[in-house]
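Novice: Please work out how this folds:
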Amino acid sequence: MLRSGTVIRLHELYASGKSIREIARITGHSRNTVRKYLRANGIPEPRYGKKRGSKLDPFKPLLDEYMAQGIFNCEVLKHLLRERGYTGGITLIKDYVKPHRPPKQIPAVQRYETKPGYQAQVDWKICEYIDLNGVVRKIPVFAMVLGYSRAMYIEFTKRCDIHSFLRCMVNAL
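Specialist: Predicted coordinates:
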C-alpha cells in the first residue's frame, strides 16, 4: 500500500504527460501498481478475500463445554475432538483455548514462623573483593539469621573450618 504522498506524486507525474511506463521507471513501482493508483479516486481500499471457515468451527461449542468443565489441556482436547471427527491440528486448538484459559495463580507459600529464641539458621558464603593491588580475592563469610526477628549476624573469616564455625557461632550468640 503506497502512502498518500507517493500517490499524489504519481498523479502529478501523470498530469504532466508522463506515460505509465515512464512513471513506473521513475518511481520504481510496477506498472500495474501505478495503473491501479491512477485509476482509483484517491487511495484505493485494500481488497480482502473471503473469510474461510476453520476446521475447528464445528467443534467450538464442544470445546466451550470442555473448557466449562475445566479441561484446558490442548493435548487432551485434541484427543477428545479426534473421537468426534476433528481432523485439524493442535495449533488451532491452542489458539482458540489461550484467551479462555484462566490466569495462572501463584501458589501461596506459608511463611515459617518460630517463637522468639527458638531457631536460627546459619550458612557460609564465599565473597570476592579487590585488594589495594587490584587483585581479586575470595573471603569466607559466616551468616546467622534469627527465625523470629530475622535479625542477621555476619562475620568475615580466613577459612571455612570447624574451628572458625564454632568461634563465629559463639560470637553470634
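
Novice: How is the chain divided into domains?
Specialist: Domains of the chain are assigned by the TED database as 4-39, 59-98, 120-172.

Novice: Excluding chain neighbours, what is closest to Pro116?
Specialist: Excluding the flanking residues, the one nearest Pro116 by C-beta to C-beta, 6 or more residues apart in numbering is Tyr148, at 4.5 Å. (Glycine included, C-beta is placed from N, CA and C.)

Novice: now the residue of the chain most remote from its centre, what's its secondary structure?
Specialist: Most distant residue from the mean C-alpha position of the chain: Gly17, 54.3 Å away (C-alpha atoms, centre = their mean). Secondary structure, DSSP: H, G, I helix; E, B strand; the rest coil: Gly17 is coil.

Novice: ditto for Tyr129
Specialist: Taken by three-state DSSP, the conformation at Tyr129 corresponds to strand.

Novice: Likewise for the one 3 residues further on?
Specialist: Judged by three-state DSSP, the three-state class of Leu132 is coil.

Novice: distance of it from Glu22?
Specialist: Leu132 sits 77 Å away from Glu22, taking C-beta to C-beta, to the nearest Å as the criterion.

Novice: Which residue of the two possesses the greater neighbour count?
Specialist: The residue with more neighbours, out of Leu132 and Glu22, is Glu22; 14 against 5, by other C-beta atoms under 10 Å.

Novice: so can I have JSON lines of the domains of the chain showing mean pLDDT and distance to Tyr112?
Specialist: Shown next, in JSON lines, are the domains of the chain (pLDDT from 0 to 100; distance: least, C-beta to C-beta, whole Å):
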{"stretch": "domain 4-39", "mean pLDDT": "89", "distance to Tyr112": "66"}
{"stretch": "domain 59-98", "mean pLDDT": "93", "distance to Tyr112": "32"}
{"stretch": "domain 120-172", "mean pLDDT": "94", "distance to Tyr112": "8"}
